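Trainee: no FASTA, just this:
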């Protein structure tokens with residue numbers, strides 16, 4: 001049953017207008033559909049929705065990520081729009097210029113990944129990844 005279903009991400013937004021502005025101005029994304037309390041976006045073959053919520057995300061883990069072909073170019077473009085990337089320096093894991101090398105990956109996705117993370121206007125932790133093949 002679920003195996004053949006589409007999967008879509010849902011991200012909470014305490015201020016849907018502020019979130020809409022962030023996704024438009026910083027990420028260059030516009031909703032493809034709207035409903036009261038919700039905005040639907042499509043990227044590639046996937047989709048995600050922002051929904052009005054009084055709750056907040058923990059922001060402790062990646063809630064959604066995009067897979068890209070050129071992470072440097074994407075990070076540079078998003079930085080030029082004002083996106084601030086997370087910097088991490090802990091044993092075994094370090095970002096350089098906002099980009100980390102992540103060892104290991106799913107066999108169909110390569111041998112590793114280069115990744116970067118940022119927060120949206122609502123505190124959701126979002127990622128960008130480029131497989132290392």
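Mentor: Great, that's in hand. This one's a predicted model, so the numbers in the text were calculated from it and none came from an experiment.
Trainee: can you pull out the strands in the chain?
Mentor: With DSSP state E applied, the chain shows strands at 9-13, 33-35, 38-43, 46-52, 64-67, 89-90, 93-96, 99-103, 112-119, 125-132, listed in chain order.
Trainee: Check those strands for me: which has the lowest mean pLDDT.
Mentor: Lowest mean pLDDT within the strands of the chain: strand 89-90, at a mean of 85.
Trainee: Quick check: residue 40 touching residue 46?
Mentor: No - the pair residue 40 / residue 46 is not scored as a contact, 11.4 Å apart, by C-beta atoms under 8 Å. C-beta: built from backbone N, CA, C; applies to glycine.
Trainee: Tell me, how many residues neighbour residue 8?
Mentor: Around residue 8 there are 12 other residues, counting by other C-beta atoms under 10 Å.
Trainee: which one is it nearest to, not counting chain neighbours?
Mentor: Using C-beta to C-beta, 6 or more residues apart in numbering and skipping the chain neighbours, the partner closest in space to residue 8 is residue 47 (4.9 Å).
Trainee: I'd like to know how many residues surround that neighbour.
Mentor: Applying other C-beta under 10 Å, we find 15 other residues in the vicinity of residue 47.
Trainee: check contacts around it.
Mentor: Residue 47 makes contact with 6, 8-9, 32, 40-41 under the criterion C-beta atoms under 8 Å, 6 or more residues apart in numbering.
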